[in-house]
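Q: build me a model:
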Amino acid sequence: MSMEPIALAVIGGTGLYRLAGLQDPEEHQPVTRYGALSGPVRIGRIAGRRVAFLARHGEGHSVPPHLVNYRANLSALHALGASRVLALNTVGGITQAYGPRVLACPDQLIDYTWGRISTFCEEPGTEVLHVDMGDPYTPSLRRDVLAAAATAGVALVDGGCYGATQGPRLETRAEIARMRRDGCDLVGMTGMPEAGLARELGLDYACLAIVANWAAGAGPQVDEVITLDEVLANVAAATSGLPAVVEALLAG
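A: From the prediction side, this is the model:
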């Protein structure tokens, strides 16, 4: 294994099973004490820098959000030498500025998930950690992502609150209305416990949220039915500038 550090680890969400521009990737299948990863970690180069990529749901989208082994995924990236993680999360938009095909870099997070192992402090003898999550995303990495988007000429909304729900079903209109009252701008299913686990490992972690659709009842057509084809088309359109953002982030 190369001793050169990994400049950036990218975790891909729904519709993002490969990282565009990743050159000469090598496949790694780390073994962790927490079990199997969602899939292989592919390490290659972008702009001359070592970059790792992992598909959160598996490369064939076979792992639902509530069964993602978040601990294995993050501990493997950490063991491979990553210190900065850019999480790509496909989400629904709740408030006006976060419509379909928008990219956003949220700065806050509310966890509505349940039953997921949310900490590394589970096994006997492990250190009990009470990590500070006042800023759930690393402010310095968020600033770098925003600056990279500006350099690349890619529109990116600064800020917003991500609400993490259990899934895999989508939310009811009443649930989205409650989330709006709670202050959520975006809704996804994988933001937690990933962010908290990254903090426990001391990883810099930021989210690039890709708005694939309006959440239930949030768009101009209240009774709109969300289809997978629509989601994937919007993800493809919203991420067309992603390679340029990643290159600018690596160059910064």
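
Q: so what's the nearest residue to residue 239 once chain neighbours are set aside up against?
A: Leaving aside its chain neighbours, residue 239 sits nearest to residue 210 (6.0 Å; criterion: C-beta to C-beta, 6 or more residues apart in numbering). Quick note: C-beta positions are derived from backbone N, CA and C, even for glycine. When contacts are counted by C-beta atoms under 8 Å, 6 or more residues apart in numbering, residue 210 touches 13, 15, 16, 88, 89, 90, 91, 103, 234, 235, 238, 239.

Q: go on, residue 186?
A: Residue 186 neighbours (C-beta under 8 Å, 6+ apart): 91-94, 98, 104, 106, 160-163, 209, 211.

Q: switch to 6 Å and redo it
A: Contact analysis of residue 186 by C-beta atoms under 6 Å, 6 or more residues apart in numbering lists 91, 98, 160, 162, 209.

Q: related to what we said a few turns ago, which element is the residue nearest to residue 239 on?
A: In this structure, residue 210 sits in strand 204-214 according to DSSP states H and E.

Q: partner strands of that strand, parallel or antiparallel?
A: Within its sheet, and counting by DSSP bridges, strand 204-214 is paired with strand 84-93 (parallel), strand 103-105 (antiparallel).

Q: contacts for whichever helix or strand comes after it next, please.
A: Sequence order places helix 228-238 as the next helix or strand after strand 204-214, per DSSP H and E. Outside helix 228-238, the residues that touch it by C-beta under 6 Å, 6+ apart are 15, 90, 100, 101, 103, 210, 212, 213.

Q: cool, stretch 27-43 as well?
A: 25-26, 52-56, 58-59, 63, 68-69, 71-73, 75-76.

Q: just to revisit the earlier point, just among the contacts of residue 210, which is most surrounded?
A: residue 91 (29 neighbours; other C-beta atoms under 10 Å).

Q: and that residue, bridged to which residues?
A: residue 211.

Q: try residue 42
A: residue 27, residue 53.
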